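J.: need coordinates for the below:
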Amino acid sequence: MSHFKDQSAGYLVNHLARLMEQALAEAIGPLGLSPGQFPTLLALWERDGRTQAELVREVDVEQATLALTLKRMERDGLIRRKPNPDDSRSRLIYLTPHAKALEERALALAAGVNDSALADLDDKEVPHFLSLAARMIQTLRKGSD
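T.: Numbering: from 1, shown residues only. Down below sits the predicted model:
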């Protein structure tokens, strides 16, 4: 890597994210899942029955990107949409029984990818790294408000 690459948080985080996405794809692919679906699944496993607008905010993606992801997830039998009783202009997104049944295995496989990526860090470095990454995310979220 050039000196700039070594010193660029953006480059390093992006490179790390690409490598982790590849590893996650290999791990969860046999379940019929893709890394692009994973943030939405995590949000719905945490709290099912969200609107698309809520998911856009939670997952930090553009509305059009999420719309395509949801369309594929619906095609793949992972979600279903129901009318929102509180707002006739929106629909609530729910996991199918199939998607709910995948949660435990998918999370275990993702944890394995995380464990592999963090394997060379010691017990103090792991929480420090995670804390720093979370702070960076919060900082960038504040900047886009």
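J.: what's stretch 51-68 in contact with?
T.: 39-40, 43-44, 50, 69-70, 84, 87, 90-93, 141 (CB atoms under 8 Å, 6 or more residues apart in numbering). To be clear about C-beta, it is placed using only N, CA and C from the backbone, and glycine gets the same treatment.
J.: can you give me the end-to-end span of it?
T.: 15 Å (CA to CA, to the nearest Å).
J.: any buried residues in that stretch, and which?
T.: Thr51, Gln52, Leu55, Val56, Glu58, Val59, Val61, Leu66 (16 or more other CB atoms under 10 Å).
J.: which members of the residues you listed are the farthest-apart pair?
T.: Thr51 and Val61 (14.4 Å; CB to CB).
J.: check contacts around the residue most central in space within the chain.
T.: Of all residues in the chain, the one closest to the mean position by CA atoms, centre = their mean is Pro39, 2.2 Å from it. Residues in contact with Pro39 (CB under 8 Å, 6+ apart) are Glu58, Val59, Asp60, Val61.
J.: restrict the strand or helix carrying it to CA atoms and write it as PDB.
T.: Using DSSP states H and E, Pro39 falls within helix 38-46. What follows is helix 38-46, C-alpha atoms only, in PDB (Å, rounded to 0.1, in the frame of the first residue of the first chain):
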ATOM      1  CA  PHE A  38     -28.000  -8.600   6.100                       C
ATOM      2  CA  PRO A  39     -28.500  -5.100   7.600                       C
ATOM      3  CA  THR A  40     -32.200  -5.200   6.800                       C
ATOM      4  CA  LEU A  41     -32.500  -8.600   8.300                       C
ATOM      5  CA  LEU A  42     -30.600  -7.500  11.400                       C
ATOM      6  CA  ALA A  43     -33.000  -4.600  11.800                       C
ATOM      7  CA  LEU A  44     -36.100  -6.800  11.300                       C
ATOM      8  CA  TRP A  45     -34.800  -9.500  13.600                       C
ATOM      9  CA  GLU A  46     -34.400  -6.800  16.200                       C
END
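J.: which SS state does Arg81 fall under?
T.: Here Arg81 is strand, with the state taken from DSSP: H, G, I helix; E, B strand; the rest coil.
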